[in-house]
Each structure stands twice: as C-alpha cells, then as structure tokens.
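>>> Give me the fold of what follows.
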Amino acid sequence: MKTNIGLIISFVLYSSFCISQDMHFSQFYMSPLTLNPGMAGVNYNFEALINYKDQWRAIATPYKTLATSIDARLNKKKNKDSYWAGGLNFFSDKAGNANIGTTQANLTIAYHLNVAKYQTLGIGLQGGYVQKSIDYDSLQWASQYEPNIGYNPNIPSGEPTMSNFSYFDVGEGIVWAYDNSAGLIHVEDNHDLKANLGISVFHAYQKNSFYKTSKEKLYLKYVLHGTALISLPNYHNLAIIPGLVYFRQGPAQEIFVGLMIRYKLRQDSKYTGIKKGAAISLGGYYRVNDAIIASLLLEYSSYSIGISYDLNASKLTTASNGRGGLELSIKYTMSNIFKKTMVQNFKK
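Next up is the predicted model:
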C-alpha cells in the first residue's frame, strides 16, 4: 500500500517538467475533467455533463464556450481495494471579433486506491488533441493603412501568420476523496460528509502561436482545488458546500473562493423509489479582483442544472457595467445522489 501511494505522489511531482491549457468554467464543480484528470470516477459510477458559457457580451463580440464530458468507474466492485475510471471530454471556444478558436478533445484514465475508511487516493492522466484557429479577415494591420486614404484591406499585411495549427496536449492530477455514504452503514438523512482535494498540472505542446516563425510556449499551469458537502444535522435538510480553486500559470494567477447553501427538498422514497429526491443550492463565489459569481444549482433525482452569472468587479466595470457572463450546465449521474443504500465499506 505504501509503495502504491508513493508511486502516485511521484507521478504527479514529475509533471513539473510540463506545460498548460487554459479553459475553465465558473461552475468548476460541474466540470470535473477540465479541473483535474484524477476527478474521473471520484463522485459517481457514471456522469455526463454539458457546459455553456457566454462572456463579455456587454463590451465586445461575446466569448462562447461549449463543453461536454462523460466519466465512469470501470471495474468498481465490493471488497476491492482499488478501481479504474475513464473519461472523455470535448470543448470548443470562440473568442472576440477575430473568432480565435480553440477546439480540444481529451481521453482520460484514472486509478483510485482505497486508503482508509471512506477515503480514496487517485491519479489521472489526460491526453488530447488541440486545434487553434483565427479569422484574419476580421483583423486590421498598421501596414494596411495608406496615407490620406485610410484602411485598405487589399494591401497584404505582410505578417508571417497561419490561420490554424494543432498539437497534442497532456495533463496529470492527483485527488483525495472522502465519502461517508460509501460505508457499511445506512447514513441517515442530513448526516452526509463528502469532500475532495486535488492538485493537477496541464500543459500544451511546444508551439503556441499563429506566427510561423515564433517559438512561443505556454506557461505550465497548476491547479489546486477543493470542495466539500457538509450536512448540518441540527438544521433540518441543510448543508453547506464550500469550494476553493487556485490557478497558477507563469506570472498570472486566479483564485475562486465561495460557498453554497443546499436545502434538500425531499429524499427518495425508501423502498419504491417512486418519489424522487430533490434539492436546491444557492450561493456565490468570488474570483479575486475580477468577479462575483452568483450561482444556483437545482437537483432532481439523477439530474442537476446549474445556472450562474459573473458580475464583473474589476477595473473593466466602467466598460462592462458589471455584466460579465452567463453560464449554464446540465449533469446526469447513474448513481442517484438522493438514494441511501447499504454499501460495502472500503476499509474498516
């Protein structure tokens, strides 16, 4: 066991020799594979998600991002000390007047080890293919302006550029998870305690520029993240869901911190399952020096719908009038989050 844990930690530390990708969502808790490859299989036997973000519509051509993902546990059985998980995710991003596009498809594999009662430690590896594109017809260059005439699109820009390029990308991550509903007990309503904490590294290929002669590289990107669901037994059907994410890429950094309050409207009927469980979560996150994120999450049986809006709080507020971006997400899981069952304990 100690040897396996050591290999897991060494695997992630080795990733410090690599370089990063940038796309992420305000609803990071609804986009696990873009946060950490090790998140594959952590929460559910199977989950499928769709995410959509529309940003900066108030000040420019909006940035639009669409993503889909699935992940599943592959061989999890009772009395097993470990299991494998896999995932697929895809996203397409369009930015600004020049339609700077990023399209990426990733394959993820993860391995999770049961290290203590209700606890797992896992690693994930993600590999993907990326294509970037740009519409040069929407750009104007200084070399295309004529004295006393102005801009002339028929004048060649003279820029040694490419309209698209592609490369392979890789990411790695490690995740610790705790879930007291995975034990040989019948967890009573509003006694749930779940948490995960992880670190991941993403990196792009050597070249990251539309200029043919450029050797520009992306900085390596580190992600530190943690979320929890903490039921409040003294307050009927209430739970708090704190969350934290820290991104670091070269000289730039980004911090999300916040909290949602979850109210369980009803539990699944114990035996028949005819009455479906439901819950509502409301709260917000602060992206430091950038935005306040108002968030709503609706859960019904195996389905979840997330709605959030970024309220711009940076120096750009003068131009944006506080309007940042709308984000929507939909999730389907194959292990009902409201159904309480007797489950074999991992580690006594």
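>>> buried residues in stretch 41-56?
By neighbour count on 16 or more other C-beta atoms under 10 Å, the buried set for stretch 41-56 is 41-44, 47-49, 51, 53, 55-56. Quick note: C-beta positions are derived from backbone N, CA and C, even for glycine.
>>> Among those residues, name the ones in helices.
Using DSSP state H, no member of these falls in helices.
>>> and those as TSV, adding distance to Ile305?
Putting the buried residues of stretch 41-56 into TSV (distance: C-beta to C-beta, whole Å) gives the following:
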residue	distance to Ile305
Gly41	23
Val42	21
Asn43	17
Tyr44	16
Glu47	14
Ala48	13
Leu49	11
Asn51	12
Lys53	15
Gln55	19
Trp56	24
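>>> export those to CSV and tack on pLDDT?
Listed next are these as CSV, based on pLDDT from 0 to 100:
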residue, pLDDT
Gly41, 95
Val42, 94
Asn43, 90
Tyr44, 91
Glu47, 96
Ala48, 97
Leu49, 98
Asn51, 97
Lys53, 92
Gln55, 74
Trp56, 63
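>>> In three-state terms, label Asp71 for me.
strand (DSSP: H, G, I helix; E, B strand; the rest coil).
>>> so how far is Tyr222 from it?
Taking C-beta to C-beta, to the nearest Å as the measure, Asp71 falls 22 Å from Tyr222.
>>> of the buried residues of stretch 41-56, closest to Gly277?
When those are compared for distance to Gly277 (C-beta to C-beta), Tyr44 wins out at 14.7 Å.
>>> which residues touch that closest one?
73, 333-335 (C-beta atoms under 8 Å, 6 or more residues apart in numbering).
>>> Phi first, then psi, for it.
phi -140, psi 160 (degrees, to the nearest 10).
>>> Secondary structure element holding Gly86?
Secondary structure assignment for Gly86, by DSSP states H and E: strand 82-95.
>>> between the helix or strand just after that strand and strand 82-95, how many degrees?
Next along the chain after strand 82-95, taking DSSP H and E as the criterion, comes strand 100-116. Angle, strand 100-116 to strand 82-95, by axes from the mean of the first three to the mean of the last three C-alpha atoms, to 10 degrees: 160 degrees.
>>> partners of strand 100-116 in the sheet?
For strand 100-116, the paired strands and their directions (DSSP bridges) read strand 82-95 (antiparallel), strand 119-133 (antiparallel).
>>> so which of those strands is the most packed in?
Here the criterion is mean neighbour count by mean count of other C-beta atoms under 10 Å, and of the strands paired with strand 100-116 the winner is strand 119-133, at a mean of 20.
>>> average pLDDT for it?
Taken as a whole, strand 119-133 has a mean pLDDT of 92.
>>> in the strand or helix carrying Tyr167, what counts as buried?
Using DSSP H and E, Tyr167 maps to strand 164-179. For strand 164-179, the buried set under the neighbour-count rule, 16+ other C-beta under 10 Å, comprises 165, 169-179.
>>> How about stretch 304-315?
The neighbour-count check on stretch 304-315 (16+ other C-beta under 10 Å) flags 304, 306, 308-310, 312-313 as buried.
>>> likewise stretch 193-207?
By 16+ other C-beta under 10 Å, the buried positions in stretch 193-207 come out as 194-196, 198-204, 207.
>>> out of the residues you listed, which one sits closest to Gln104?
Using C-beta to C-beta, these come closest to Gln104 at Ala204, 9.8 Å.
>>> Compute the number of surrounding residues for Ile155.
Number of residues near Ile155 (other C-beta atoms under 10 Å) recorded here: 12.
>>> From Gly150, how far off is the closest residue to it other than its chain neighbours?
Take Ile155 and drop its neighbours on the chain: the residue closest to it by C-beta to C-beta, 6 or more residues apart in numbering is Gln144, 4.5 Å away. Note on Gln144: its distance to Gly150, by C-beta to C-beta, is 10 Å.
>>> Compare these two and say which is more crowded by neighbours.
Gln144 (16 against 8).
>>> gap between the more buried one and Met260?
From Gln144 over to Met260 the distance is 50 Å, taken as C-beta to C-beta.
>>> sorry, back to before: okay, the strands paired with strand 100-116 in JSON lines with distance to Gln104 next?
Listed next are the strands paired with strand 100-116 as JSON lines, based on distance: least, C-beta to C-beta, whole Å:
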{"stretch": "strand 82-95", "distance to Gln104": "6"}
{"stretch": "strand 119-133", "distance to Gln104": "5"}
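>>> Which pLDDT value goes with the residue of the chain positioned farthest from its centre?
The C-alpha centroid of the chain is most remote from Asn148, which lies 50.9 Å away (C-alpha atoms, centre = their mean). Per-residue confidence at Asn148 stands at 75 (pLDDT).
>>> what about it, which SS state?
Asn148 ends up coil, using three-state DSSP.
>>> Residue ranges in the stretch 151-300 of the chain under the pLDDT threshold?
158-162, 182-190, 204-216, 269-275 (pLDDT under 70).
>>> Okay, strands next: where are they in it?
164-179, 193-203, 221-231, 238-249, 252-266, 278-287, 291-300 (DSSP state E, counting those that start in this stretch).
>>> neighbouring strands for the first one, and are they parallel or not?
Pointing back at strand 164-179 there. Short version: by DSSP bridges, strand 164-179 pairs with strand 119-133 (antiparallel), strand 193-203 (antiparallel).
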